[in-house]
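**Student:** okay, predicted coordinates and the sequence, questions at the end:
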Protein chains: 2
Amino acid sequence: MSLKKSKITVSDIAKAAGVSVATVSNTLNDTGRMSEETKVRVKKAMQELGFVRDYNAAKLRSGRSRLIGVLIPDISVPLFAEFCNALEAVLSEHGYLPVVANVSDDPKRQRAMMEEVIGHGVAGIVICPSVGTTRGDFDIAITRGIPVITFSRKIEGLALDYIGSDHYQAAQLATEHLLEQGHRKFAMIAGLRETTPGRERERGFSETLKAAGIPKSDIHVRFCGYTRECGRKNALEMLATHIEFSALVCHNDLVSVGAAAELKKAGRVIGEDLALVGFDNLPESEAWTPALTSVEGYSGAIGKDVANLLIRRLEGDKAPPATQWIEPLLLVRASSSFTM
Amino acid sequence: MSLKKSKITVSDIAKAAGVSVATVSNTLNDTGRMSEETKVRVKKAMQELGFVRDYNAAKLRSGRSRLIGVLIPDISVPLFAEFCNALEAVLSEHGYLPVVANVSDDPKRQRAMMEEVIGHGVAGIVICPSVGTTRGDFDIAITRGIPVITFSRKIEGLALDYIGSDHYQAAQLATEHLLEQGHRKFAMIAGLRETTPGRERERGFSETLKAAGIPKSDIHVRFCGYTRECGRKNALEMLATHIEFSALVCHNDLVSVGAAAELKKAGRVIGEDLALVGFDNLPESEAWTPALTSVEGYSGAIGKDVANLLIRRLEGDKAPPATQWIEPLLLVRASSSFTM
DNA sequence: CTGAAAGCGCTTACAG
DNA sequence: CTGAAAGCGCTTACAG
């Protein structure tokens, strides 16, 4: 491998512009310790020679990095895709670049990926903690002083920043709406018991019904997950047990769609004899037939907030870690707008 | 900043394990130039001291990197999310980590992001080129010998690897199906004229109809884009012009859903008096009412193939750049299964 | 505002 | 298989 001058360095630029490497570095970092004229000359040389700054070398020396580790269960889940999109937009405005790792809800893989992104020198970490995360899993980041922002799923008892939709309130809104429409027999296909959204939405649902005096025998809950497939599977199981219900709350819109497919096949008419409510307000929800009632969780806005918070932390904000719940919004559509 | 021993380095490990730094490095890189016993001792020391390898320093010295730049128009488009998911899975199996940048179909931003990821020392680049990409935009990568794999959208006249669905054939399949169902008056809400999928699907549609003897006056094409919103907008415009058509082909499933919403409002009954076909076979397509006929483009499989191809290139495969078209699959569902 | 030099944490010939 | 030393391309005191 002996390409001649395969890489242009600061010292090449210094030579070409007739300045010192310090001056080139100062131009790169815009420290403002030089004349406008010199700056222009240096920039011109960089242009002409096709200089591309080596962030690795910069990071090695300065300790500063513009890489952000993003650890999520599965980027192909629309919620996370929307989150990442908004996150990336804000990060890149500030010159940061996300390094994304899918963790597949596997704590071992999460630990490996956390080490991996830290090894790549990320300045900060954004994470929706995997099922089975323990507090110690964050030590590797915390001892190094790398700011960590959690979202969507909360780790209890650890002083970490958290931003997420108010899952409890979201379920409460949905359930109260169904009570108002006259429903008295309920079912829920809930999320994962091990995660904040799963637990909190179920709690919001069950407690609201209890407060309204609905007997336990008319409340059927199954924990499942967050995919179409588990909606489908749980709907089939519910059909097999001949549970009675006129209102079904699903953990999210994907689960709703999976469940709806099976329930329709079994003769239930959604929006007429069965009310259906989901969460996340996917762009598709409105386009479905019947349009799906859903609770907007603002995952795009959360992505933005997480990015901005992380940037503040990177700039040295030492305020104590905060938990921030975003207020959800119920969007009533045809799938639940009839009265019993 | 004077934390004592905030960072454990190879020389700390060398000291702790009673070996030289060369031995530690050889353990890290598994060069196999040492006894099993020594290796174990070194690994134990790494465990105990909480060593995390600094990939930046490694890259700086060796020139080797395990970062891959991924440049796409918009990760929240399901097609790209699915692609990235599959890509990430294969890359991470091989120890590579993707650095994802959304480019928003802006060639200026694409150039900036390309330079950014190269500055971060990526070993390879995966890209769905933005609208307006010119051949010169790849020089920065090519001159540095960084392998580039393009997907979905093809850059003509540049020797770069490409993997994508056979968009022409996909449209041909869809159009032939509609002809077989007895349709004689057609409309298409096509993609972007500036992209391969947009152009090729339109060409497959128009040429198939021409070959079947459908007069031009019964073929209505509008180029639009790849979002729900543009489906909606173009459907409205078509309604306003009172075009007659019994079959509508949309650039993808998102466009289909947007268009369907407006057409339904206007009184068209999809699956009865209007046949609708999309592309990409989103997981939702089957769950819609009526279920949407769509052409599967295998974006997950393409993600896998791209990752594997890139890894071969990184391992030194010097075969000439290849273009690989993946055969699409037509999935006929209720939205188009009636006959005229 | 500039120049010369040290050093970030690795990998890599090189000599043993 | 090991040890001592150089060097990747930057940034950063330091002296001018």
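**Tutor:** Cool, got the structure.
**Student:** which bits of the stretch 51-200 of chain A sit near DNA strand C?
**Tutor:** Counting by Cβ under 7 Å from any atom of the strand, the stretch 51-200 of chain A comes close to DNA strand C at A:57, A:60-61. Placement of C-beta: from N, CA and C, glycine included.
**Student:** quick one: contacts for the closest residue to DNA strand C within the stretch 51-200 of chain A?
**Tutor:** Going by Cβ to the nearest atom of the strand, DNA strand C is nearest to residue A:61 of the stretch 51-200 of chain A, at 3.2 Å. For residue A:61, no contacting residues are found, by Cβ atoms under 8 Å, 6 or more residues apart in numbering or on different chains.
**Student:** neighbours around residue A:171, how many?
**Tutor:** Neighbours of residue A:171 under the rule other Cβ atoms under 10 Å in any protein chain shown: 28.
**Student:** ok so, going back, export the residues of the stretch 51-200 of chain A next to DNA strand C to TSV and append columns for secondary structure.
**Tutor:** Below are these laid out as TSV (DSSP: H, G, I helix; E, B strand; the rest coil):
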residue	secondary structure
A:57	helix
A:60	helix
A:61	helix
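**Student:** just those residues now: which is nearest residue A:329?
**Tutor:** For those, the closest approach to residue A:329 (Cβ to Cβ) belongs to residue A:60, at 46.7 Å.
**Student:** quick check: that closest one touching residue B:54?
**Tutor:** Yes: between residue A:60 and residue B:54 there is a contact at 7.5 Å, judged by Cβ atoms under 8 Å.
**Student:** what residues does the stretch 151-300 of chain A put near chain B?
**Tutor:** Counting by Cβ under 8 Å from any Cβ of the partner chain, the positions of the stretch 151-300 of chain A adjacent to chain B are A:228, A:257-258, A:260-261, A:264, A:283-284, A:286-289.
**Student:** just the buried residues of those.
**Tutor:** Among those, those scoring as buried are A:228, A:257-258, A:260-261, A:283-284, A:286-289 (criterion: 16 or more other Cβ atoms under 10 Å in any protein chain shown).
**Student:** just those residues: which has the poorest pLDDT?
**Tutor:** Across these, the smallest pLDDT goes to residue A:287, namely 81.
**Student:** count of neighbours near the residue in the stretch 101-250 of chain A that DNA strand D sits nearest to?
**Tutor:** Of all residues in the stretch 101-250 of chain A, the one sitting closest to DNA strand D is residue A:121 (12.0 Å; Cβ to the nearest atom of the strand). By other Cβ under 10 Å, 25 other residues sit near residue A:121.
**Student:** would you list the phi and psi of it?
**Tutor:** phi 80, psi 30 (degrees, to the nearest 10).
**Student:** can you verify my assumption that it contacts residue B:56?
**Tutor:** Yes: with contact defined as Cβ under 8 Å, residue A:121 and residue B:56 form a contacting pair (4.8 Å).
**Student:** mind listing the shared neighbours of these two?
**Tutor:** By the contact definition Cβ under 8 Å, 6+ apart, residue A:121 and residue B:56 are jointly contacted by A:56, A:59.
**Student:** and the residues of the stretch 151-300 of chain A next to chain B, which two are the farthest apart?
**Tutor:** Within these, A:264 and A:283 form the most distant pair, 21.5 Å apart (Cβ to Cβ).
**Student:** check contacts around the closest residue to DNA strand C within chain A.
**Tutor:** Per Cβ to the nearest atom of the strand, residue A:20 is where chain A lies closest to DNA strand C, at 2.7 Å. Contact analysis of residue A:20 by Cβ under 8 Å, 6+ apart lists residue A:14.
**Student:** quick check, pLDDT for it.
**Tutor:** pLDDT recorded at residue A:20 is 87.
**Student:** now it, what are its backbone angles?
**Tutor:** Backbone phi and psi, for residue A:20 under degrees, to the nearest 10, turn out to be phi -90, psi 160.
**Student:** domain-wise, how is chain A divided?
**Tutor:** With domains defined by automatic domain parsing, chain A comprises A:10-53, A:67-165+A:299-327, A:167-297+A:330-336.
**Student:** next up, the contacts around the residue of the stretch 201-340 of chain A found nearest chain B.
**Tutor:** Using Cβ to the nearest Cβ, the point where the stretch 201-340 of chain A gets nearest to chain B is residue A:289, with a distance of 3.8 Å. By Cβ under 8 Å, 6+ apart, residue A:289 lies in contact with B:264, B:288-290.
**Student:** tell me the secondary structure for it?
**Tutor:** Following three-state DSSP, the label given to residue A:289 is coil.
**Student:** and what of residue A:249?
**Tutor:** When classified by three-state DSSP, residue A:249 comes out as strand.
**Student:** mind listing what the closest residue to it other than its chain neighbours touches?
**Tutor:** The shortest distance from residue A:249 to any non-neighbouring residue, by Cβ to Cβ, 6 or more residues apart in numbering or on different chains, is to residue A:188 (4.6 Å). Contacts here follow Cβ under 8 Å, 6+ apart; on that basis residue A:188 touches A:202, A:205-206, A:219-222, A:248-251.
**Student:** and stretch A:34-53, how far from the chain's centre?
**Tutor:** Chain-centre distance of stretch A:34-53: 39 Å, with Cα atoms, centre = their mean, to the nearest Å.
**Student:** and the residue lying closest to residue A:53 once chain neighbours are set aside, how many neighbours does it have?
**Tutor:** Once flanking residues are discounted, residue A:53 sits nearest to residue B:119: 5.0 Å by Cβ to Cβ, 6+ apart. Residue neighbour count, defined by other Cβ under 10 Å, stands at 17 for residue B:119.
**Student:** any idea whether the closest residue to residue A:50 other than its chain neighbours is helix, strand or coil?
**Tutor:** Once flanking residues are discounted, residue A:50 sits nearest to residue A:8: 6.2 Å by Cβ to Cβ, 6+ apart. Following three-state DSSP, residue A:8 is assigned to coil.
**Student:** surely residue A:8 and residue A:49 touch.
**Tutor:** Yes: between residue A:8 and residue A:49 there is a contact at 4.7 Å, judged by Cβ under 8 Å.
**Student:** hang on, residue A:278 in a strand?
**Tutor:** Yes: looking at residue A:278 with three-state DSSP, it is inside a strand.
**Student:** just give the number of residues close to it.
**Tutor:** The burial count for residue A:278: 29, using other Cβ under 10 Å.
**Student:** ok, residue A:147 next?
**Tutor:** 22.
**Student:** that one reaches residue A:310, doesn't it?
**Tutor:** Yes: when contacts are counted by Cβ under 8 Å, residue A:147 is listed as touching residue A:310 (6.3 Å).
**Student:** overlap in contacts of the two?
**Tutor:** Residues touching both residue A:147 and residue A:310 (Cβ under 8 Å, 6+ apart) are residue A:124.
**Student:** quick one: contacts for the nearest residue in space to residue A:165 that is not next to it in sequence?
**Tutor:** Distance criterion Cβ to Cβ, 6+ apart; nearest residue to residue A:165, sequence neighbours excluded, is residue A:297 at 3.7 Å. Residue A:297 makes contact with A:79, A:165, A:167, A:170, A:279-281, A:326, A:328, according to Cβ under 8 Å, 6+ apart.
**Student:** kindly recompute the last result at 10 Å.
**Tutor:** A:79, A:82, A:152, A:164-167, A:170, A:197, A:252, A:279-281, A:326-329 (Cβ atoms under 10 Å, 6 or more residues apart in numbering or on different chains).
**Student:** how close does it get to residue A:31?
**Tutor:** 42 Å (Cβ to Cβ, to the nearest Å).
**Student:** picking that back up, and the two most separated of the contacts of residue A:289?
**Tutor:** Farthest pair in the contacts of residue A:289 (Cβ to Cβ) is B:264 and B:288. Separation: 11.5 Å.
**Student:** give me the common contacts of these two.
**Tutor:** A:287, A:289, B:270.
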